[in-house]
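Student: Have a look; sequence and predicted model below, questions after that.
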Amino acid sequence: MVRLNILAGGVLAFSVLASGSPSPGAESRVYEIEIDNLAFAPAEVLHVNDIVEWVNADIFQHTATATDGSFDVDLPAGAKGRTILKRVGVVDYFCRFHPDMQGRLEVTPDSKRG
Amino acid sequence: MFRFDTSLFVSILCFAGMSTTMAQSAGQPTDPQIAHIANTAALIDIEAANQALRKSQNKDVKAFAEVMVRDHEAVNKQVLALLDKLKIMPEDNDTSKSLADAASVKRIERSTLSGAAFDKAYAENEVTYHQTVNSALEKTLIPSAQNGELKSLLQTGLKLFKEHEKHAVKLVSELK
């Protein structure tokens, strides 16, 4: 459900959690979080500069919206969207259209990467 | 609300002839009837939402109504596509009629309201309406559905409408 891709240097169009691009040379990992049957798939522990790719597999329009306002990604049916994780910490998120759909991202410092 | 008149049901069965509906026990809706009920239930909620979009000035109510229109249209599109694929013609029935009649009465009642009174009536009705439909889906429609794809679509609908029900409860509490 959560797929890991390695992407050297972020080059795609992102919906950005905070301003700025990944530090030069930093390895950006892309984690897919699928939305299926009105639920977000659980995420692994993530690191700063990682990218979450939201994949809406539902026939309904959703959003991935941080409760702290740090990201708000519109996801029409079948669409994908991306968020770069720029800050360490825990971010709760939900779907603005279906507030009962909720999830949590745990972002750890980049240096902890094994 | 979800009882079927036995004599009518028998005549429907006779009309349907040698179809799989014969295998079903009397009183259970057939797939063509279930499809009609699902379609009717969606159209009712879309109509209620469109009324709210015309009448309400409250941004939360309008945002909720927009979600109702979009989600119910999405489900309906799937239902109609499946019926087309399965060559099932939706069949009108007493449950569809009573749902539509009750909704019409409520909609006319709300048409006389405005402002906060309208918003409250709409939001509260969305709670009870989704409760009614969800209960019918759980107790009657899903267990009665014969076709696997129809059953699965109804289950997706139930998941969605339960979310709508909670969303409507939240909306009611925010309006107070």
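Tutor: Received it, and whenever you're ready, just let me know what you need. Residues are numbered from 1 along each chain as shown, chains lettered A, B, ... in the order given.
Student: just checking, what packs against the lengthiest strand in chain A?
Tutor: If you go by DSSP state E, chain A has its longest strand at strand A:27-35. Helices and strands touching strand A:27-35, by 3 or more Cβ pairs under 8 Å, 6 or more residues apart in numbering or on different chains; DSSP states H and E, are strand A:4-8, strand A:51-56, strand A:62-66. (Each C-beta comes from the backbone N, C-alpha and C, glycine too.)
Student: The last one vs strand A:27-35, what angle?
Tutor: Relative orientation of strand A:62-66 versus strand A:27-35 (axes from the mean of the first three to the mean of the last three Cα atoms, to 10 degrees): 130 degrees.
Student: what does strand A:62-66 contact?
Tutor: A:17, A:33, A:35, A:40, A:52, A:54, A:56, A:71-75, A:81, A:83, A:91-98, A:101, A:103 (Cβ atoms under 8 Å, 6 or more residues apart in numbering or on different chains).
Student: Show the buried residues in the residues you listed.
Tutor: A:17, A:33, A:35, A:40, A:52, A:54, A:56, A:71, A:73-75, A:81, A:83, A:91, A:93-95, A:97-98, A:101, A:103 (16 or more other Cβ atoms under 10 Å in any protein chain shown).
Student: before we move on, which element is residue 106 in?
Tutor: Since you didn't name a chain, this refers to chain A. strand A:102-108 (DSSP states H and E).
Student: nope, chain B please
Tutor: helix B:94-111.
Student: helices or strands up against that helix?
Tutor: helix B:31-55, helix B:115-136.
Student: Against which helices or strands is the last one packed?
Tutor: When you say that, I think you mean helix B:115-136. Against helix B:115-136 (3+ Cβ pairs under 8 Å, 6+ apart) you get helix B:31-55, helix B:59-86, helix B:94-111, helix B:148-175.
Student: Report the inter-axis angle for that helix versus helix B:148-175.
Tutor: 150 degrees.
Student: contact partners of helix B:115-136?
Tutor: Contacts for helix B:115-136 (Cβ under 8 Å, 6+ apart): B:1-2, B:37, B:41, B:44-45, B:48, B:51-52, B:55-58, B:61, B:64-65, B:68, B:95, B:103, B:106, B:109-110, B:113, B:158, B:161-162, B:164-165, B:168-169, B:171-172, B:175.
Student: switch the cut-off to 7 Å
Tutor: Contact with helix B:115-136 is made by B:2, B:41, B:45, B:48, B:52, B:55-56, B:58, B:61, B:106, B:110, B:113, B:158, B:161-162, B:164-165, B:168-169, B:171-172, B:175, as judged by Cβ atoms under 7 Å, 6 or more residues apart in numbering or on different chains.
Student: Any residue of the strand holding A:Glu106 touching chain B?
Tutor: No - contact of strand A:102-108 with chain B (Cβ under 7 Å from any Cβ of the partner chain) is absent, the minimum separation being 11.1 Å.
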